[in-house]
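**Q** need the 3D shape of this:
(one chain, ligands or ions: 1)
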Amino acid sequence: MPIYEYACDDCGHEFELLVLGSRTPACKECGSEALTKKLSLPRVHSEASRQRGLSAARKRDQKLGTDRMQERVEYESNHD
Ligand SMILES: [Zn+2]
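**A** Predicted coordinates:
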């Protein structure tokens, strides 16, 4: 099950939360739902694992770019 780390935008409290379904989490301190989701990965502190995380993010960005490109091609072929 995914455990996410959140930071509250209102009071700055940081906490980890096990997310079940699509329920909106709330700050345990002030109850605010203005939260910034941080990490969903296990806590790792080595530089090597940080680099792996970066390259994974880069791959994800490239995939997003490809999807956007395909969307545009579909749009153009549908509006010819
Ligand atoms: Zn809070």
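
**Q** mind listing what residue 27 touches?
**A** 6, 8, 10, 11, 13, 15, 33, 34, 35 (C-beta atoms under 8 Å, 6 or more residues apart in numbering). The C-beta positions use only the backbone N, C-alpha and C, and glycine is treated the same way.

**Q** distance check, the fifth one against residue 33.
**A** It refers to residue 13. 13 Å (C-beta to C-beta, to the nearest Å).

**Q** in terms of neighbours, single out the busier of those two.
**A** residue 13 (15 against 11; other C-beta atoms under 10 Å).

**Q** for that one, what are its contacts?
**A** 7, 27, 28, 29, 30.

**Q** which of those residues fall in helices?
**A** Assignment to helices by DSSP state H places none of those there.

**Q** right, and residue 5 touches residue 16 too?
**A** Yes: using C-beta atoms under 8 Å, residue 5 is in contact with residue 16, at 5.1 Å.

**Q** more neighbours: which of the two?
**A** residue 5 (16 against 12).

**Q** who touches the spatially closest residue to the more buried one that is not a sequence neighbour in this structure?
**A** Leaving aside its sequence neighbours, residue 5 sits nearest to residue 38 (C-beta to C-beta, 6 or more residues apart in numbering; 4.1 Å). With contacts defined as C-beta under 8 Å, 6+ apart, residue 38 is in contact with 4, 5, 6, 7, 14.

**Q** where exactly do the helices run in the protein?
**A** 47-78.

**Q** quick check: domain ranges of it?
**A** 1-43, 44-80 (automatic domain parsing).

**Q** make CSV out of these and add mean pLDDT.
**A** Output for the domains of the chain, formatted as CSV (pLDDT from 0 to 100):
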stretch, mean pLDDT
domain 1-43, 84
domain 44-80, 72
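
**Q** just want the most central residue of this protein.
**A** Compute the mean C-alpha point of the chain, and by C-alpha atoms, centre = their mean the closest residue is residue 37, 6.5 Å away.

**Q** quick one: it and residue 4 touch, right?
**A** Yes: Residue 37 is within contact range of residue 4, at 5.4 Å (criterion: C-beta under 8 Å).
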